[in-house]
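# Sequence first, then the predicted structure:
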Amino acid sequence: MDAYIEHAGPDPHAIESGFFASADASVEDVQTRLADLEARYRGLIDHLPAVIYIDGAADDDPMVDVSPGITDLLGVTREDYLREGSDWSDYVHPEDRPRVVAESEAAVANEEAFHSEFRALHADGRVVWVREDAVLIRDADGKPRYWLGIMLDVTTFVEARRDLNHLQNTYGALVEQIPAIVYQDATDDSWTTVYVSPQITTLLGVLPEEWTGDSKLWSQMLHPDDRDRAIEEVDRGIESGEPYTVEYRMVARDGRVKWFQDTAVMLADAEGKPAFTHGVMLDITERREAEERLTYLAYHDNLTGMPNRAMFDELLELSLARARRADRGVAVLALDIDNFKLVNDSLGHEAGDRLILQVALRLQDATRDTDLVARSGGDEFLMLLADLDQASPVNDENGGAITAQAVANRVLQSFEAPFEVDGTELYVTASIGISVFPLDAADAVSLMRNADSAIYLAKAAGPGGYVLNHLENEGALSKLSLSTRLRKAVEQEDWKLHYQPLIDLFSGDMFGVEALIRWPDPAGGLVPPGDFIPLAEEMGLIEAIGAWVVEEICRQDEIWRAEGLELEIGFNLSPRQLWQPDPVGRIADQIENAGIDPQRITVEITESTAMHDPDRTLGVLHGFKDHGLKLAIDDFGTGYSSLSRLRYMPVDVLKIDRTFVRDVNSDVQSASMVSAIIALASNLKMDPLAEGIETEEEWRFLAARGCALGQGFLFSRPVPPEEILAMHRRSGLTVVDGGLAV
């Protein structure tokens with residue numbers, strides 16, 4: 001060390017209690033004590049894992065001693081370090097030297113302790129981090145005599161500290177820039193927030209210090225409709241000690257409502273006890289709004305805002321359930337605008353849309369407040385009359401039929417006044433078909449089919465009229481005959497499977513087929529599945545039919561594989577099959593015993609079936625996935641799907657119902673729905689598959705929006721298995737030469 005103090009030679013009595021003996025002892029005692037102390041001194045400094053030195057206090061005082069550890073620290077010998085002319089600052093890294101020398105000079109000038117951390121240069125070229133501390137030792141008169149110092153190699157510590165700082169900076173940058181609120185709560189009785197990221201201000205308008213200072217602020221800012229549920233779910237998650245996720249709304253300081261997905265884990269202390277809750281509040285407002293929009297589109301007509309076919313079908317089922325319990329009636333009125341195509345062709349589609357809007361208003365005015373009016377697409381409307389009294393003042397008439405006819409008459413009368421579109425008066429008529437439960441139909445499918453049939457009869461009779469489909473006696477006899485034949489067909493397994501190709505919409509290649517059951521009619525032709533499948537469900541025969549379908553698929557697949565043809569094969573699982581005991585084991589065992597790769601088999605269930613009992617459905621679906629089978633949701637868009645549940649279902653394929661596909665080029669709502677479903681499937685890591693493709697325009701629309709899979713009459717109707725094999729032999733699975741350029 002440099003010094004400006006008066007020079008004085010070394011005094012053996014300067015450090016009386018440390019290394020040297022007292023002056024009051026005899027010469028012999030002093031020498032003995034000196035030898036003993038010197039041995040202790042050398043043992044101390046020679047073996048400490050540090051460098052100890054004693055330096056003279058004055059400028060020209062030589063360094064008195066340095067421990068051998070200097071060799072390990074700097075790679076120089078003790079003798080070289082103590083050599084006259086050697087300067088300790090030469091070993092300091094050039095970039096740190098000016099600072100360290102200045103700190104040393106300041107300590108000397110102020111006679112204060114010296115503390116510094118710096119880089120030193122080892123003789124082998126390495127950089128060593130050194131921590132040096134020195135104190136000034138004074139004699140009995142208080143005059144400075146020596147600097148007693150220690151140098152430690154802190155390289156490992158400095159590097160660890162640097163790595164820790166890097167990790168902290170990286171974590172901090174990540175935490176404070178992601179679009180989410182990161183927080184940490186103490187698990188003591190206070191449940192105070194010990195940290196919250198700055199995003200709390202952007203998302204909720206609250207300063208971090210406000211949030212950490214008020215443990216009740218979270219519950220106070222919860223949306224009133226979500227508060228009790230969110231607190232209960234969070235408390236339950238904390239008590240379990242397991243990771244948990246809760247979704248809820250919060251009201252920001254400026255009144256905005258934000259949706260959050262709060263995911264948290266428990267952090268334990270060294271003893272394994274819960275110490276902190278570490279969580280992330282992800283802003284999912286855009287996702288929830290998109291889900292709500294999609295749900296709205298799924299249930300409402302985009303043009304008129306009226307209920308659509310999906311909502312109509314659901315409410316029809318509910319109305320029929322009530323009617324069966326209370327012995328009431330239900331009527332369905334299907335309406336088509338006569339010659340609507342002429343309006344579009346002459347005035348344009350925009351004028352046609354404006355006419356549709358006016359028709360919707362008149363239908364709502366002409367029907368009762370309790371009636372449901374829906375637009376099913378194009379120029380087609382549906383009316384649902386529920387909870388009808390079947391009694392009638394006219395003995396031979398049904399009360400429900402009388403009410404339905406009265407509503408039909410009011411609707412037709414409302415069309416008598418002209419419509420005005422873009423300054424043009426239009427006289428418009430409509431045809432109405434009526435079907436009544438339980439007069440001429442026992443279920444929703446039959447009601448809709450009969451109402452559609454009645455429309456054609458009404459149009460055939462002339463525009464502007466209605467027809468009541470009345471099949472009371474004939475329908476009962478027909479059902480009795482069909483039941484007898486159906487039971488016999490189950491006993492004799494009198495079925496056939498036809499297969500409709502599944503197409504890669506980009507290449508035109510057939511990659512798989514959907515198996516569809518057919519029942520040959522002894523009188524010729526085929527009995528439509530819509531006629532016998534509901535009856536088989538009702539009679540409890542569907543399980544036997546379903547087992548036959550899987551068995552036949554396995555048999556046919558073996559034949560195809562022998563011919564070098566391996567296809568994905570999908571088949572429909574009825575609701576009753578889904579609820580039978582162990583549906584997974586029954587089906588998976590059949591497929592496994594047949595030696596089929598389960599990845600080539602797709603089990604299809606309808607959207608309404610999947611959501612009937614979603615918790616049980618989820619367990620069954622996971623069972624199928626555990627056995628390697630693929631899963632598809634059929635007729636998506638026609639039923640009610642809880643999107644929050646759908647995203648947790650292990651579904652591979654989302655099949656877009658043909659009622660939307662057929663109108664994509666003429667109906668804005670259908671096009672919007674199809675695009676939304678394709679995007680939804682992609683976001684949920686599912687493959688969208690469009691059903692009912694019948695025109696090249698529909699094909700191009702779907703492919704352009706990223707729907708890679710499809711099926712429909714454009715490519716092939718359901719055909720016997722021999723024709724599938726013929727397609728393979730003829731074109732190597734390419735159904736449409738050249739595919740589609742998109």
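Arrived safely, thanks for sending.
# and the gap between the residue nearest to residue 244 when sequence neighbours are not counted and residue 269?
In this structure, residue 244 finds its nearest non-sequential neighbour in residue 237, 2.8 Å apart by C-beta to C-beta, 6 or more residues apart in numbering. (Each C-beta comes from the backbone N, C-alpha and C, glycine too.) Distance of residue 237 to residue 269, computed by C-beta to C-beta, to the nearest Å: 19 Å.
# repeat for residue 294
Distance from residue 294 to residue 269, by C-beta to C-beta: 45 Å.
# what's the answer for residue 66, then?
45 Å.
# More neighbours: the two, which one.
More neighbours surround residue 66 than the other of residue 66 and residue 269, with 24 against 10 (other C-beta atoms under 10 Å).
# Just the element for the nearest residue to that one once chain neighbours are set aside, please.
Leaving out its chain neighbours, the residue that sits closest to residue 66 by C-beta to C-beta, 6+ apart is residue 53, at 4.3 Å. For residue 53, the element it lies in under DSSP states H and E is strand 51-56.
# immediately after the helix or strand bottoming out on mean pLDDT in the chain, which helix or strand?
Taking mean pLDDT, DSSP states H and E as the measure, the helix or strand of the chain with the lowest value is helix 472-492, at a mean of 60. Next helix or strand after helix 472-492 toward the C-terminus (DSSP H and E): strand 496-504.
# In terms of secondary structure, what does that next one contact?
strand 510-520, helix 542-562, strand 568-572, strand 709-710, helix 721-731 (3 or more C-beta pairs under 8 Å, 6 or more residues apart in numbering; DSSP states H and E).
# Just the buried residues of the first one, please?
If I follow you right, that is strand 510-520. 510, 512-519 (16 or more other C-beta atoms under 10 Å).
# which residues sit against the helix or strand following it?
Scanning forward in sequence from strand 510-520 by DSSP H and E, the next helix or strand is strand 526-527. Strand 526-527 has contacts (C-beta atoms under 8 Å, 6 or more residues apart in numbering) with 482, 518-521.
# Same question for stretch 118-127.
73-76, 91-93, 95-96, 99-100, 128-130, 132.
# List buried members of those by neighbour count.
73-76, 91-92, 96, 100, 128-130, 132.
# Restricted to strands, list these.
128-130, 132 (DSSP state E).
# For stretch 580-599, buried residues please.
In stretch 580-599, counting by 16+ other C-beta under 10 Å, buried: 583-584, 587-588, 590-591, 596, 598.
# which among those residues gets closest to residue 690?
residue 598 (24.9 Å; C-beta to C-beta).
# How about the closest one: what's its closest non-neighbour residue?
In space, residue 598 is closest to residue 628, 3.5 Å off (C-beta to C-beta, 6+ apart).
# My guess is the one you found contacts residue 596. True?
No. Residue 628 is beyond contact range of residue 596, at 10.1 Å (criterion: C-beta atoms under 8 Å).
# can you list the helices and strands packed on strand 496-504 in TSV and add mean pLDDT and distance to residue 346?
Below are these laid out as TSV (pLDDT from 0 to 100; distance: least, C-beta to C-beta, whole Å):
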stretch	mean pLDDT	distance to residue 346
strand 510-520	92	41
helix 542-562	92	50
strand 568-572	94	44
strand 709-710	95	34
helix 721-731	85	44
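# With respect to residue 282, which of the buried ones among the contacts of stretch 118-127 is nearest?
Relative to residue 282, and with distances defined as C-beta to C-beta, the nearest of these is residue 129, at 41.6 Å.
# what about stretch 510-530, start to end distance?
Stretch 510-530 has an end-to-end distance of 27 Å (C-alpha to C-alpha, to the nearest Å).
# what does stretch 487-501 give?
Using C-alpha to C-alpha, one end of stretch 487-501 lies 30 Å from the other.
# What is the distance between it and the centre of its chain?
Relative to its chain's centre, stretch 487-501 lies at 40 Å (C-alpha atoms, centre = their mean, to the nearest Å).
# contacts for that stretch?
Counting by C-beta under 8 Å, 6+ apart, 510, 512-520, 536, 539, 541, 544-545, 548-549, 552-553, 556, 569, 711, 715-721, 724, 727, 735 sit against stretch 487-501.
# So which of the buried residues of strand 510-520 is the closest to residue 200?
For the buried residues of strand 510-520, the nearest to residue 200 is residue 512 (50.4 Å; C-beta to C-beta).
# Give me the helices and strands touching the strand holding residue 53, please.
For strand 51-56, the elements it packs on are strand 63-66, helix 69-74, strand 144-153, judged by 3+ C-beta pairs under 8 Å, 6+ apart.
# looking at the ones you listed, which is buried most?
strand 144-153 (a mean of 21; mean count of other C-beta atoms under 10 Å).
# which strands and helices sit next to it?
Contact partners of strand 144-153 among helices and strands, from 3+ C-beta pairs under 8 Å, 6+ apart: strand 51-56, helix 69-74, strand 127-138.
# can I get the ones you listed in JSON lines with mean pLDDT?
Output for the helices and strands packed on strand 144-153, formatted as JSON lines (pLDDT from 0 to 100):
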{"stretch": "strand 51-56", "mean pLDDT": "86"}
{"stretch": "helix 69-74", "mean pLDDT": "89"}
{"stretch": "strand 127-138", "mean pLDDT": "90"}
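# Distance to residue 408 added to the ones you listed, as TSV?
Converted to TSV, the helices and strands packed on strand 144-153 look like this (distance: least, C-beta to C-beta, whole Å):
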stretch	distance to residue 408
strand 51-56	106
helix 69-74	104
strand 127-138	94
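# Out of these, which is closest to residue 351?
Smallest distance to residue 351 across these (C-beta to C-beta): 83.0 Å, for strand 127-138.
# tell me the angle of that closest one relative to strand 144-153?
Per axes from the mean of the first three to the mean of the last three C-alpha atoms, to 10 degrees, the angle that strand 127-138 makes with strand 144-153 is 160 degrees.
# Can you tell me the strand partners of strand 127-138 and which way each runs?
strand 114-121 (antiparallel), strand 144-153 (antiparallel) (DSSP bridges).
# so how far is that strand off the chain centroid?
59 Å.
# Likewise for stretch 404-416?
48 Å.
# can you check stretch 321-335 too?
For stretch 321-335, the distance to the chain centre is 39 Å (C-alpha atoms, centre = their mean).
# likewise stretch 278-290?
The answer for stretch 278-290 is 11 Å, by C-alpha atoms, centre = their mean.
# For that stretch, what does the pLDDT average out to?
Average pLDDT, stretch 278-290: 87.
# Using neighbour counts, pick out the buried residues of that stretch.
Going by neighbour count (16+ other C-beta under 10 Å), the buried part of stretch 278-290 is 278-285, 287-288, 290.
# distance between the ends of it?
29 Å.
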